[in-house]
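*Asks:* using only what follows, build the 3D model:
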Amino acid sequence: QVRLVESGGGLVEPGGSLRLSCQASGLSLDYYDIGWFRQAPGKEREGVSCSAHSDSRIFYGDSVKGRFTISRNNAKNMVYLQMNNLKPEDTAVYYCATDCLDPKGRGIGSDFGSWGQGTQVTVSS
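*Replies:* Next up, the predicted model:
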């Protein structure tokens, strides 16, 4: 059974940084695309980043490019999201998710496979 557990969220001031972590179990990240999406109250789910397992391509949503960095440690079954220069509009619950590529493998998809319980990120002064 696939299980994803996110951690690292919290309250941070605008311009600050956070590092989210996701521990995966019940699967090997050697064989999975893995990434992050977020959802703010009253808003649709938004793909944040995706790391492809087959060729190491990485994709970012337009709103986080240049500020967020995804990384993975397949040996530890871990994936991370380093978030810098955070803005109030980054406030959301962040979810780690498998199967994050779009069907053509050209970007972040919207039909994720498995995801965790999420971790809250709040950016506010």
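*Asks:* in a strand, Glu89, correct?
*Replies:* No. Glu89 is assigned helix when assessed by DSSP: H, G, I helix; E, B strand; the rest coil, not a strand.
*Asks:* and it, how many residues sit next to it?
*Replies:* When neighbours are counted by other Cβ atoms under 10 Å, Glu89 registers 11. Just so you know, the C-beta spots here come from the backbone N, C-alpha and C atoms, and that holds for glycine as well.
*Asks:* repeat that for the one 10 residues further on.
*Replies:* Applying other Cβ under 10 Å, we find 15 other residues in the vicinity of Asp99.
*Asks:* now it. Its backbone dihedrals?
*Replies:* With angles defined as degrees, to the nearest 10, Asp99 shows backbone torsions of phi 60, psi 50.
*Asks:* need the pLDDT of Pro103.
*Replies:* With respect to pLDDT, Pro103 has a value of 88.
*Asks:* Gly109 is in contact with that one, correct?
*Replies:* Yes. The pair Pro103 / Gly109 is scored as a contact, 6.7 Å apart, by Cβ atoms under 8 Å.
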